[in-house]
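K.L.:
Sequence plus the predicted model coming up.
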Amino acid sequence: MNITLLVQFLALLEEMKTREEILPEFERLLDRCGFDFYGIVRQPKPHENPLRLLLAGRWPEGWPQIYIRKKYVVIDPTIRFLGHAQRGFRWRDTLVAFRSDPHRKRMESMMVEARNHGLFDGYIFPVHGRRGLMGNLTVGGRVVDLSPVELSLFDAIAKRLFWKLLELTDPEIMAELVSRVEVQMTRREMEALHYLADGMTSNDIGKVLDISSHTVELVHERHPGKVEGEEPPSRRGDRLPPGTDLLTAQAEVQRLDRIRKGSRSLPFIPVPVTGIRPAQVL
């Protein structure tokens, strides 16, 4: 059991002030727990280079380039399951949740290729903030069985480590992510709007959040039909221009409740914007 090591690292993390202090200690902890590889990243989006969001990491040679080239972020079952997860979970358990998914075969191919690069199994721990899913810590390599207590401790480490590294790496982004948001929205609404503001299609958003594109389109319905003379979003691939003000988009969602009754899509999880704590794993 590595409970003592994990508790000691949590205590030590409060005292360390620089990346140069934190990362060697964290990597020593992972080595002693049996994990070969790890990544601490802000929440990735389809068609965006995940390495640009990497706060810290250690991966098999060549694997990040393969992951990006084959756009695995769109179908990666661990990333897709993050949209529902409240706490950490095992990589191999996610395929069960997507056994009827049309991308199931590609998911399995991705897992096989990962194993060929030494990524046999691992765990991923979500980090939530006021705007929904902010990022994650993933650890893996050899097969390691964590106890429930160890999983809970890794969850705590993931959250503290993510925010501390983000503050040290990019304080401006940190300030933006923790700033107060007054509009009360569901987690799904916030994440969908975040992706819309980045110009993603409703189909891509649906794949990442594991909801129907119809659900995503509900967010569009109260927006003006045209943007600077362009066609309505439904005719132009459901894209909003990159850089759209997220708070402006969020204000529109307040009217979403009036049209949601006719939706046949997956239910939303009601979570206040301030102090998000997802209620359950779907």
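P.N.:
Nice, I can see it.
K.L.:
Any buried residues in stretch 108-122, and which?
P.N.:
Of the residues in stretch 108-122, those buried under the neighbour-count criterion (16 or more other CB atoms under 10 Å) are Met110, Met111, Ala114, His117, Leu119, Phe120, Asp121, Gly122. Where C-beta positions appear, they are placed from N, C-alpha and C, glycine not excepted.
K.L.:
How about stretch 88-107?
P.N.:
Buried positions in stretch 88-107, judged by neighbour count with 16+ other CB under 10 Å: Gly88, Phe89, Arg90, Trp91, Thr94, Leu95, Ala97, Phe98, Asp101, His103, Arg106, Met107.
K.L.:
where along this protein do the strands fall?
P.N.:
With DSSP state E applied, the chain shows strands at 37-42, 54-58, 89-90, 121-129, 132-141, listed in chain order.
K.L.:
pLDDT score assigned to Ala197?
P.N.:
We note a pLDDT of 69 for Ala197 in this prediction.
K.L.:
can you give me the helices for the stretch 1-150 of the chain?
P.N.:
With DSSP state H, counting those that start in this stretch as the criterion, the stretch 1-150 of the chain has helices at 3-15, 19-33, 63-69, 77-82, 94-97, 104-116, 148-169.
K.L.:
Need the winner for burial among the ones you listed.
P.N.:
Per-stretch averages of neighbours, counted by mean count of other CB atoms under 10 Å, single out helix 77-82 among those, with a mean of 24.
K.L.:
With distance to Leu151 and pLDDT added, can I get the buried residues of stretch 88-107 in JSON lines?
P.N.:
Output for the buried residues of stretch 88-107, formatted as JSON lines (distance: CB to CB, whole Å; pLDDT from 0 to 100):
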{"residue": "Gly88", "distance to Leu151": "5", "pLDDT": "95"}
{"residue": "Phe89", "distance to Leu151": "9", "pLDDT": "96"}
{"residue": "Arg90", "distance to Leu151": "9", "pLDDT": "96"}
{"residue": "Trp91", "distance to Leu151": "13", "pLDDT": "95"}
{"residue": "Thr94", "distance to Leu151": "15", "pLDDT": "92"}
{"residue": "Leu95", "distance to Leu151": "19", "pLDDT": "89"}
{"residue": "Ala97", "distance to Leu151": "18", "pLDDT": "88"}
{"residue": "Phe98", "distance to Leu151": "21", "pLDDT": "90"}
{"residue": "Asp101", "distance to Leu151": "25", "pLDDT": "90"}
{"residue": "His103", "distance to Leu151": "27", "pLDDT": "92"}
{"residue": "Arg106", "distance to Leu151": "28", "pLDDT": "95"}
{"residue": "Met107", "distance to Leu151": "23", "pLDDT": "95"}
